[in-house]
Each structure stands twice: as structure tokens, then as C-alpha cells.
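K.L.:
Below is the sequence, then the predicted model.
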Amino acid sequence: MQLSEVLIKPILTEKANAQQEKLRRYAFKVNRKANKLEIKKAVEGFYGITVVEVNTSVVPAKSKSRFTKAGFVKGRKPAYKKALVTIAEGETIDLYSNI
């Protein structure tokens, strides 16, 4: 798997921002087939930092429903894999530079 296919996008939530400040841990949405070694190489290659630890989890799919003019609409949000990457002390990743 190519390094550009591993990382999909960073996860920017309040919980993820709190972990960035306190624990130097960044959250990324990654390819379902990527393993921890590939994720580590991709983050180190793209951001030029040292990765200490990688934790992964598969977030399950969720059922969603809402009531609209067309009636009751049901659907599902797809499952995805999330990687929590801890970086070395003194290093940071600027996720907001591309926005």
C-alpha cells in the first residue's frame, strides 16, 4: 500500500484537540487495510516527525434517520478506522496550515 493511500484525513474534534495539547496524541482517519507500521511510516513521511506509539480502532457504522418533506429517511454512516498517533516530546504537527 502506498503512503498516500494510508492517511485519509485528520480528525479535528474537541476531544482530539485536548489530546493534542495534553498528550501529544493526534487522531487520523486511515485506510481500513492499513496496519500500525504503515501508519507510522506515513505520518513520519508526511509531517517529518518521530512517532512514538500508534493505537488503532475501528469505529462501527451507525444508523441514522430523519424526518423530511419526502418522509422518513433511513440510512447508515459507514464504519472507518481511526489511528491515535503519539509523537515524540517537543514536536508538533500543524494541522491547520492547509485550511
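P.N.:
Now that the structure is in, tell me what you want to look at. Numbers count the residues shown, from 1 in each chain.
K.L.:
ok, which stretches of the protein are helices?
P.N.:
Ranges of helices within the chain are 3-6, 14-23, 36-47, based on DSSP state H.
K.L.:
Worst mean pLDDT among those helices?
P.N.:
When these are ranked by mean pLDDT, helix 3-6 comes last with a mean of 88.
K.L.:
show me where pLDDT drops low in this structure?
P.N.:
By pLDDT under 70, the weakly predicted segments of the chain are 98-99.
K.L.:
Spatially central residue for it, please.
P.N.:
The centroid of the chain falls nearest to F28 when counting by Cα atoms, centre = their mean (1.5 Å).
K.L.:
Kindly provide the distance from the residue lying closest to S63 once chain neighbours are set aside to K62.
P.N.:
Once flanking residues are discounted, S63 sits nearest to R76: 5.6 Å by Cβ to Cβ, 6 or more residues apart in numbering. Quick note: C-beta positions are derived from backbone N, CA and C, even for glycine. In this view, R76 and K62 are 7 Å apart by Cβ to Cβ, to the nearest Å.
K.L.:
next one: T56
P.N.:
19 Å.
K.L.:
Those two - which one has more neighbours?
P.N.:
Neighbour comparison, T56 and K62: the larger count goes to T56, with 15 against 10 (by other Cβ atoms under 10 Å).
K.L.:
quick one: that one and R66, what's the gap?
P.N.:
From T56 to R66 the distance is 31 Å (Cβ to Cβ).
K.L.:
Next: V52.
P.N.:
Distance from V52 to R66, by Cβ to Cβ: 42 Å.
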